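**Student:** let me see the structure of the following:
(4 chains)
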4 protein chains.
Amino acid sequence: MFVVMRTGATEAEVIGVKALILDEGLTPFENVGVDRTLIAVVGEIGKRREPLKARLEGMSGVASVALISKPYKLVSREFHPEDTVIRVLDAVVGDGSLSVMAGPCSIETREQLLETADFVAAHGATILRGGAFKPRTSPYSFQGLGVEGLRYLAEARERTGMPVITEVMEPSQVDIVAEYSDILQIGTRNMQNFSLLLACGRSSRPVMLKRGFGATIEEWLMAAEYIASAGNSQIIMCERGIRTFETTTRNTLDLTAVPLMHHLTHLPVVVDPSHATGKRWLVKPLAIGGVAVGADGIMVEVHPNPDEALSDAEQQLDFAQFETLMGALRAVHEHVRDLHGDLMHSEGVAAAPVASVNGAA
Amino acid sequence: MFVVMRTGATEAEVIGVKALILDEGLTPFENVGVDRTLIAVVGEIGKRREPLKARLEGMSGVASVALISKPYKLVSREFHPEDTVIRVLDAVVGDGSLSVMAGPCSIETREQLLETADFVAAHGATILRGGAFKPRTSPYSFQGLGVEGLRYLAEARERTGMPVITEVMEPSQVDIVAEYSDILQIGTRNMQNFSLLLACGRSSRPVMLKRGFGATIEEWLMAAEYIASAGNSQIIMCERGIRTFETTTRNTLDLTAVPLMHHLTHLPVVVDPSHATGKRWLVKPLAIGGVAVGADGIMVEVHPNPDEALSDAEQQLDFAQFETLMGALRAVHEHVRDLHGDLMHSEGVAAAPVASVNGAA
Amino acid sequence: MFVVMRTGATEAEVIGVKALILDEGLTPFENVGVDRTLIAVVGEIGKRREPLKARLEGMSGVASVALISKPYKLVSREFHPEDTVIRVLDAVVGDGSLSVMAGPCSIETREQLLETADFVAAHGATILRGGAFKPRTSPYSFQGLGVEGLRYLAEARERTGMPVITEVMEPSQVDIVAEYSDILQIGTRNMQNFSLLLACGRSSRPVMLKRGFGATIEEWLMAAEYIASAGNSQIIMCERGIRTFETTTRNTLDLTAVPLMHHLTHLPVVVDPSHATGKRWLVKPLAIGGVAVGADGIMVEVHPNPDEALSDAEQQLDFAQFETLMGALRAVHEHVRDLHGDLMHSEGVAAAPVASVNGAA
Amino acid sequence: MFVVMRTGATEAEVIGVKALILDEGLTPFENVGVDRTLIAVVGEIGKRREPLKARLEGMSGVASVALISKPYKLVSREFHPEDTVIRVLDAVVGDGSLSVMAGPCSIETREQLLETADFVAAHGATILRGGAFKPRTSPYSFQGLGVEGLRYLAEARERTGMPVITEVMEPSQVDIVAEYSDILQIGTRNMQNFSLLLACGRSSRPVMLKRGFGATIEEWLMAAEYIASAGNSQIIMCERGIRTFETTTRNTLDLTAVPLMHHLTHLPVVVDPSHATGKRWLVKPLAIGGVAVGADGIMVEVHPNPDEALSDAEQQLDFAQFETLMGALRAVHEHVRDLHGDLMHSEGVAAAPVASVNGAA
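**Tutor:** The predicted model follows:
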């Protein structure tokens, strides 16, 4: 359920609506739009729906009360029709520009990270990636440099001015990672680690949420809803491939997820072709494909010497390949950026927030 | 196994090699390249491999004898490094231009087909599609107009000059369909209907082979090998989505298949976003994505009045949507056409045919 | 839609109802139950549903007219609450006994087939299997002995008294296969080869329909409906594994399909653990599992010398393994046969044919 | 790599071997078998393999040094040929008896839990299950009673004598859950929550590890290896269904996983048919199937009044259904328990630990 305030509603009226919601033991979330404010009501409403709706409709400053038809509320376009734009240092994700998150799979040494950071910064990357805590299928594989890696990331940020992103693997790591990193990354295996989602939701850092390789579109949105419900709606969605019967590539990159996400949610979407394909020579065509279907950015692994990498050696680009990739992405991005605007207003998505009611709350 | 003839080998030398192969109860397939001829040896070679190789190497005009590492031979890039280009009337598939196969899912009436044909021809389609024999999940659904539909197709070709493509569902239909249609289409459910593959392989018409929604890349190539082994290597591969756990869309379009196919085979690849997504508003972004990853063409369903279509109503474009789509595709195609040339010569694919030997034959 | 005749309705009344249905351009299918007759009405009913229902209800001998809620009609339990029992020579499938279809993957020689037939007959098999026309992923693999293989099958039947089953791959083969074989088998790759389904539906032989490895439960039932709609409702459903992301086994045997099928359809269900797992040592535990979940039979591949088999060498049992398997299956079957009776009458399945109406026809 | 000590090797000799391993910065894990002791060497051995092997072979008390061919070491049958048997209070898992873990999906009230505990205890359950911390797809669904629920569990144990099992969702919860619960459960969504695996690995409580619904057999074993590598090898594997394209049931129960696991690992395996199918009436046939393929136990959800349950209402059994189920399981278990003994010693599994070397360590 969400309350549409009248254009020009006063702050006192907004506060009045929120107070009523809190009184009911529910939580109000405010979306201040260009010309009017929306207030989502989340929590277990159950049988109170009709009387609560009536009471809210009767309040001063309220234009209407609408239902949200999807199980996710705060991250839905119905509640928040405008695109969410995320700003970190000088980087902007979701404003129509092309974000490029580049860097090594794992941070291996100070030199490896700084050399890579300098190169990708000079060739158009906007955000530096690098793994400090690494989720590995085997307990005997390289697990990352940990806090030492975080320090190198911070140093690379100082040098290049680029914000940095790195993965956080458990709730108790959120504080230390947030101390060094500008964006928190939640990995594919933790997409439904609900404790971690909530912990990141309580952080003030933007969060990038990778799609679980076994997760549906709806589950992915529900995972984002966990983060948002804890107070943090600075979320970037990252498609990185799903698991199918096909074995030629590691996973199957689901590029359909990009326009679907733009249709269903206001959050920006980036594509990671490195992990999806697991093959270096497929990174460029699929990164181009990701940009072409409208992704807000690309995450790509770059290493000074991929063949000696301690993890994911087969999928990391070398410097020359990254440079070629950037040229291609720029060529494509420029020509597709205006082609997908109708997605946010296509069938089934109300341009203005209007009730659609199946199973709505 | 394939024989590389010397540059300038005489016709007599080529005939000599082929005769030896035939004597062994095997079949020779000739690929006349720009500066030299290759002859593939197919059939059950088994333990004869080494002695046969030695005998062939000793023949006049033979430069070398190489093995093919893949289970598919005739359709592999190893045997046939040059792109296959297919020409039908004025349409060309696989030469770097963008083929657009457009038309209704099912042919419903003469007027519906002709009206659609006129429109798509005027707006850039290069090939007319339309179903006359329809494979339907239910025996009680509309099964197509049959031969009557084929006649309308032929009439549309006369009017517009566009070649036509339509599905053939069983071996005994191949002759009649080939009489009216310029290209034979094999549907996703028949990708491993081996009798049909062989029957189409004996036809002189080009064949478009849709990927089975449950088929791996390798099985799809083996299905093409069936067609080629029967003598017809004019084959267009069509990616149309695979079946995954995701339920938001009908299938998951596997755009990775496009660069993979260009890497593994010399055959052209087109993408069908209509059937993969099952949703009209996703056709445009995914058609753009298909072109961007390097597809040689797009197949798309267009209907004068999609909401009244007798099949697949939800995924067919109306005329205005098709026109918008064509504008977008042209904008993208122009800027990506030169970006993917390295795929055919990337890691693991020999530019020149050289032996790589795992399980080779 | 189906018509429930009154207990004791006369033949003339039944004929009257069928005549009315035929007059409407629809097809009547009769199910003569223990105490009353049901007549299904299939075809495109569309908007005639209500008036037709009213007219039928008014006819002499008619007790009621009910709708079928599923897209499949003739094969649904709603139309046909009693189990279908199939009798071929002395073998019975679907009566609570355990059918065992055993024999080599491919018929390779007369001796190989007869030796296997003798052995499996002596150890409890009830039906002899053997491939004469083989669907192979590669055009260069052994394709079967063809008609010569069919003759050996017929000879084995003469010797052992067991009925035989073999695969038919295209409509034009149905007659010749039906001449030699007691049961026609449709393979997993042909489950949606609609021309073949219809051709088998016009045969008087029972048909065993393997589930497509990429097919849902509902598509499988719709494929059976094709056969039934052409007049043949002697159909055995065979679960043989579906394609998933798991790669340790060839496919994932879906044993849940057995109770689901017993719930949704009156047709008998057998399980093929050989093709699903692709590993000999998994055949016994999964055959036991299949019997335990209530399968009407097991199909298993047996070869005098599996390691030298021309196809599927890794999954065929040798004679000693088959004997062990039979002992285990008998032990289990005896104790589970009465445990699953409630499935046919569980939630959502009407014991007596009553209307349930979503999308019914 | 693992060291096979001589029969009768002294404790001093064992200590000597372990000391050498520790000196190398690696970790020794001891498996005291019936007549001899094995010591696994885990950690990054890399290029030291050959010299280390030679040094170990030269030590006093060492019979031989063998390699483990699988990426998982401690949980493999190669290292530990004997079945692991887990004893908790009076319950035993893995000794050939049938474990039945029964109880409500979520603990809702003290009365609900105690009533259920009394009933299932009286009808043959051996372990009480009940969720206190619930992983829910939506942040707005009932999240469990938390510590209050744990207290009710402990009270139920006092009353019935049954050990209890409940889920732990994050590393910081392990201590509190271990205080109240006899077995720690790791849920399907956390199967690759590596921090949680390690935290449970440091606990002295047995751990039940559910298979991720998107996880392969090998990944599942690697997750168990994480727990074992942290010192805890009291692990129960629980198959609960994987995600496939089939939509009739919630997931596809992979019963093949049971014999596969018994082949590959020494850990006990139980089957959860409630979550896999999501349908109450499928629980009984699939629980029977699970027992029949050789599972060491069944986990099943039971509720006094399923239709009013706060979670998973559709799949919980009522008391009468549980009683019927127990009767069926006992009937089947008795007759299959001796049928699967050959799995542990079948092809590819050495009865005695012998080197098999692909990628071994």
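**Student:** quick one, helices of the stretch 101-250 of chain A?
**Tutor:** For the stretch 101-250 of chain A, the helices defined by DSSP state H, counting those that start in this stretch cover A:110-122, A:147-160, A:174-180, A:194-201, A:217-229.
**Student:** mind giving me JSON lines with those helices and columns for distance to chain B?
**Tutor:** Every residue, glycine included, has its C-beta placed from N, CA and C. Below are these laid out as JSON lines (distance: least, Cβ to the nearest Cβ, whole Å):
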{"stretch": "helix A:110-122", "distance to chain B": "20"}
{"stretch": "helix A:147-160", "distance to chain B": "27"}
{"stretch": "helix A:174-180", "distance to chain B": "30"}
{"stretch": "helix A:194-201", "distance to chain B": "20"}
{"stretch": "helix A:217-229", "distance to chain B": "5"}
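**Student:** turn the ones you listed into a markdown table, including mean neighbour count and mean pLDDT.
**Tutor:** A markdown table is the format used below for the helices of the stretch 101-250 of chain A (neighbours: other Cβ atoms under 10 Å in any protein chain shown; pLDDT from 0 to 100):
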| stretch | mean neighbour count | mean pLDDT |
| --- | --- | --- |
| helix A:110-122 | 19 | 98 |
| helix A:147-160 | 18 | 97 |
| helix A:174-180 | 17 | 97 |
| helix A:194-201 | 24 | 97 |
| helix A:217-229 | 25 | 97 |
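**Student:** how about whichever residue of the stretch 251-361 of chain A sits closest to chain C: what's its closest non-neighbour residue?
**Tutor:** Nearest residue of the stretch 251-361 of chain A to chain C: residue A:251, at 9.1 Å (Cβ to the nearest Cβ). Spatially, and ignoring its direct neighbours in sequence, residue A:251 is nearest to residue A:241 (3.1 Å; Cβ to Cβ, 6 or more residues apart in numbering or on different chains).
**Student:** and the one you found, how far is that from residue A:288?
**Tutor:** In this view, residue A:241 and residue A:288 are 16 Å apart by Cβ to Cβ, to the nearest Å.
**Student:** just residue A:280 next, same as before
**Tutor:** 15 Å.
**Student:** more neighbours: which of these two?
**Tutor:** Neighbour tally, residue A:280 and residue A:288, criterion other Cβ atoms under 10 Å in any protein chain shown: the higher count belongs to residue A:288, 29 against 20.
**Student:** okay, the closest residue to residue A:206 other than its chain neighbours: pLDDT?
**Tutor:** The spatially closest residue to residue A:206, leaving aside those adjacent along the chain, is residue A:234, at 3.8 Å (Cβ to Cβ, 6+ apart). According to the prediction, residue A:234 has pLDDT 98.
**Student:** how many residues are close by residue A:234?
**Tutor:** Residue A:234: 23 surrounding residues under other Cβ under 10 Å.
**Student:** all strands for chain A, in order.
**Tutor:** Using DSSP state E, the strands found in chain A span residues A:2-5, A:27-32, A:37-42, A:62-66, A:86-88, A:91-93, A:99-103, A:127-129, A:164-167, A:183-186, A:207-210, A:235-239, A:269-271, A:297-301.
**Student:** and the third one, which strands flank it?
**Tutor:** In other words, strand A:37-42. With DSSP bridges as the test, strand A:37-42 is paired with strand A:2-5 (antiparallel), strand A:27-32 (antiparallel).
**Student:** using TSV, lay out those together with distance to residue A:62.
**Tutor:** Formatted as TSV, the strands paired with strand A:37-42 follow (distance: least, Cβ to Cβ, whole Å):
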stretch	distance to residue A:62
strand A:2-5	6
strand A:27-32	13
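**Student:** contact partners for the residue lying closest to residue A:285 once chain neighbours are set aside?
**Tutor:** Spatial nearest neighbour of residue A:285, excluding adjacent residues (Cβ to Cβ, 6+ apart): residue B:259 at 4.0 Å. Residues near residue B:259 by Cβ atoms under 8 Å, 6 or more residues apart in numbering or on different chains: A:281, A:282, A:285, A:286, B:293, B:294, B:340, B:343.
**Student:** contact partners for the fourth one?
**Tutor:** Read that as residue A:286. By Cβ under 8 Å, 6+ apart, the contact list for residue A:286 reads A:253, A:255, A:271, A:273, A:276, A:277, B:255, B:256, B:259, B:293.
**Student:** most widely separated two among the residues you listed?
**Tutor:** Using Cβ to Cβ, the contacts of residue A:286 span at most 14.7 Å, a distance reached by A:271 and B:259.
**Student:** could you list the domains of chain A?
**Tutor:** With domains defined by automatic domain parsing, chain A comprises A:2-66, A:86-343.
**Student:** quick one, which of these is packed in tightest?
**Tutor:** Most buried of these, by mean neighbour count (mean count of other Cβ atoms under 10 Å in any protein chain shown): domain A:86-343, with a mean of 22.
**Student:** surely the residue nearest to residue A:206 touches residue A:85?
**Tutor:** No. Using Cβ atoms under 8 Å, residue A:234 makes no contact with residue A:85, being 9.7 Å away.
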